Each structure stands twice: as C-alpha cells, then as structure tokens.
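S.K.: Build the 3D model from these lines:
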Amino acid sequence: MLNHRFHKLVNCIQCSFVNHILSERSNEWYSWVHANCLNHSVLIAQHLSLDPTPIPITLNYLKSCFGGYSVTSSNEEQKNVDIQDLMNSIRYFDQYDESKGCIRKIMIGYPTSNFSNLYEEIAFIWILWMEQDQFPIQFQKFTLLEDDWQYYSLFEETFNSRIQALKKAMDQEMSDIQEMVYFIVRDMGLRGIQTCLRMRKTVGSIRYLIPTHSDLIHAFSCQTMSGGSGAGGGLTVGARALAKHCHRSETDKWWGGSNILKGNAQEKNNKALSILSKILEEATFINCHILPHNVPCIEVRNYQGYGSRWVYQRRRRHQNVHTHHEHSATPITTTLDYEDNNQIIFRGFLEPYQINGHESGWKH
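M.R.: Modelled structure (predicted):
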C-alpha cells in the first residue's frame, strides 16, 4: 500500500512540476518566487523575509535541479524501493527542547541518499507526513544560529490538513489526486519545497535547492588541478581540503588528527571520503546562503556542528538585461540568461559554531 502511494505521489509531483511549474505558462509561481508573495498562501507570505538570492531563480535552474523537461515513468530502481523499510530505518537524534520541556526527534541523514532525485524525496516526506499525522521534520536548534521557528510552525499549520486530505484521496482517480498535488505544490512555493527537503530558513537563507547526495560526493571526489605530479598529485579536492583542515579540532581529533595525513594518495582520498560520508549520514542541518562577494553556497552539518560546504557555479551569460518590477506578472526568467547546469564545487570543511571562531582560527 505504501509503495503504491509513493509511486503515485512521485508521478503526481513530477507532473505538477513538468506540466505547470517547469513550463513557460506558469507565471504565477515565478511571480511568487521573486515577489515573495502568493495569494493562495497569504499567511506563509507574511513571514517570508526579503530573499537575498544573488542570482534569480530561473526556469532553467529549476529544470536543472529537478532534471525535468518531460514526465518519465518510474525506473526499476525506484520500483524496488520498499517505503516501509525506509521508514523503519530512519535514524533520529534526540534533543531536549527547554522552551517546551520535551524531547524533539531530529531526523538524521542527508536527503536523497536513498533516492535518485528530488521528486522521490519530496514524495517520501509526504508519505511520512500522512502516516504520522504531522509534519515529520523537526529542526535541531544550534547555539549562535537563529532559525525562523515561527515559519516552521506556520508551514505545518497551513498544510497539515491538506496533506491529510490528500491521504484520504489517494484511492481516487489519478486526475483528482494530480489536481490536489498540484495546488499543494503551487501554494507551498519554492520555500515550502525547501522545507520538505529539510532545508533551514535563517536570516541569510536563499532559495536555491539542494544538490543530490551523489552530486555532493562527485564534487568532493574530483581530482585536484595539479594532476599526477607535485604536492597535490593524485589527491581529490576533498582530501586536499582535509589535509589543510584536520589540525583544527585539537581536543577531540574529530577530523582524525595527524594520522589523516599518513599514507599514499589513494589512502588519503579514502579517509577523506569516509569523513564526508559520516557528515552526510549524520546530517541534521542544511542551509543555502551567501558567502562574501555574493557567492551562493550550501552547508551541511551533523548534529555536533561539524560540516562541509559547496558553492554553486551559476553564472550570468549577458550583463545587459532588462529588469522588471518585483510584483510584475511577467516572470523575470524571460529576461535573464544564465548558465544553469546546477554544478557545484567543494569548498571545504566546517567547524561547529563557536564564539570568536574567526579570532581563534576555528581551533578548539
């Protein structure tokens, strides 16, 4: 039953994106993305801060994220997924919430680690939502980081009844289910989709979407430019970054200490990949924001605060473009030309948030 519902949802969510949101006809959704408002979700819109995204969210960018120019049938790998087994295998980190006096169960692990695309991850979260009768994602609280907790509560309050209504309708005609899914996706908007993908909403968050688990690994495992000779010969960009970073956790040796520098290039690459895998397997924090010089990035941290960072490589092809008022009904996507292949580059490792981190060189 769960598998059947999952496949239905994947197809309906994909159809909603491909036939409506990823089509040139869907001006309404793009107007919401850029104007930070949507008539059908006024409550949500009231709590959306000004989006600092340096490069507009374009049609081509969304297509590159979802890989969707046409509707495709479920592949064999997806058909063999057992949703109940995946639900039973979810790991949680328990965090005591002092403000509410209760234990908050934080889902652990980077999204898409069990799936090949974002459609499947969203469908899985919705299945969990239906089964638990509440939004299944709770966000871990980190010291020195302020999330928009009011938005998270408002998001669940706004869409919980609609997801439960969708659950009751899952045995109806496919066209009826498709219509309900489309309106939910449309009204959630890009920020709501981010929330379903376990992405944070902080003051500096931008409306980029997460790369897949395999994309992160691929960017981490690229060979350094030095090739087979010289100091960096044979090392991946991740291994080279780890060699420069491993001295910072002097107390707990979280990165492996000086031992991480021993061995040949392949051994160092394997050690670095194992550390990244640990971060992704224990991930409880995902956020897209801006680095200095308007560089968009994605940060992934585990429950202890250790993490990794990648930067997005979206570039404008033409500088001379026409602009539109932010509330224009015409989408900005029709006037801007970007290289939207959604490529990412591994930027480095991250220490836990700490007071005076820059002054101490993030050593602890």
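
S.K.: Going by residue numbers, what spans are helices in the protein?
M.R.: Assigned by DSSP state H, the chain shows helices spanning 2-16, 27-35, 42-46, 59-66, 76-79, 83-88, 118-132, 149-168, 174-196, 213-220, 237-245, 265-281.

S.K.: closest one to Thr53 among those helices?
M.R.: Shortest distance between Thr53 and the helices of the chain, using Cβ to Cβ, is found for helix 27-35: 9.1 Å. C-beta coordinates here come from the backbone N, C-alpha and C atoms, glycine included.

S.K.: just to revisit the earlier point, will you turn the helices of the chain into JSON lines that also has distance to His289 and mean pLDDT?
M.R.: Below are those laid out as JSON lines (distance: least, Cβ to Cβ, whole Å; pLDDT from 0 to 100):
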{"stretch": "helix 2-16", "distance to His289": "26", "mean pLDDT": "92"}
{"stretch": "helix 27-35", "distance to His289": "17", "mean pLDDT": "49"}
{"stretch": "helix 42-46", "distance to His289": "20", "mean pLDDT": "42"}
{"stretch": "helix 59-66", "distance to His289": "17", "mean pLDDT": "76"}
{"stretch": "helix 76-79", "distance to His289": "32", "mean pLDDT": "53"}
{"stretch": "helix 83-88", "distance to His289": "29", "mean pLDDT": "96"}
{"stretch": "helix 118-132", "distance to His289": "19", "mean pLDDT": "96"}
{"stretch": "helix 149-168", "distance to His289": "16", "mean pLDDT": "96"}
{"stretch": "helix 174-196", "distance to His289": "12", "mean pLDDT": "92"}
{"stretch": "helix 213-220", "distance to His289": "17", "mean pLDDT": "95"}
{"stretch": "helix 237-245", "distance to His289": "19", "mean pLDDT": "91"}
{"stretch": "helix 265-281", "distance to His289": "18", "mean pLDDT": "95"}
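
S.K.: and those as CSV, adding distance to Pro111?
M.R.: Converted to CSV, those look like this (distance: least, Cβ to Cβ, whole Å):
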stretch, distance to Pro111
helix 2-16, 14
helix 27-35, 21
helix 42-46, 21
helix 59-66, 13
helix 76-79, 15
helix 83-88, 12
helix 118-132, 5
helix 149-168, 16
helix 174-196, 9
helix 213-220, 7
helix 237-245, 20
helix 265-281, 10
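
S.K.: my read: Ile83 touches His4, true?
M.R.: No - the pair Ile83 and His4 does not pass the contact test of Cβ atoms under 8 Å, sitting 9.3 Å apart.

S.K.: who's more crowded, those two?
M.R.: Under the neighbour definition other Cβ atoms under 10 Å, Ile83 and His4 were set side by side, and Ile83 has more, 20 against 11.

S.K.: Let me see the contact set for the more buried one.
M.R.: Leu2, Asn3, Arg5, Phe6, Phe124, Ile127 (Cβ atoms under 8 Å, 6 or more residues apart in numbering).

S.K.: number of nearby residues for Arg315?
M.R.: Neighbours around Arg315, by other Cβ under 10 Å: 11.

S.K.: That one and Ile345, how far apart?
M.R.: Arg315 sits 12 Å away from Ile345, going by Cβ to Cβ, to the nearest Å.

S.K.: related to what we said a few turns ago, among the helices of the chain, which comes closest to Gly109?
M.R.: With Cβ to Cβ as the criterion, Gly109 lies closest to helix 265-281 of the helices of the chain, at 5.9 Å.

S.K.: So what's the gap between the closest one and the chain middle?
M.R.: Relative to its chain's centre, helix 265-281 lies at 21 Å (Cα atoms, centre = their mean, to the nearest Å).
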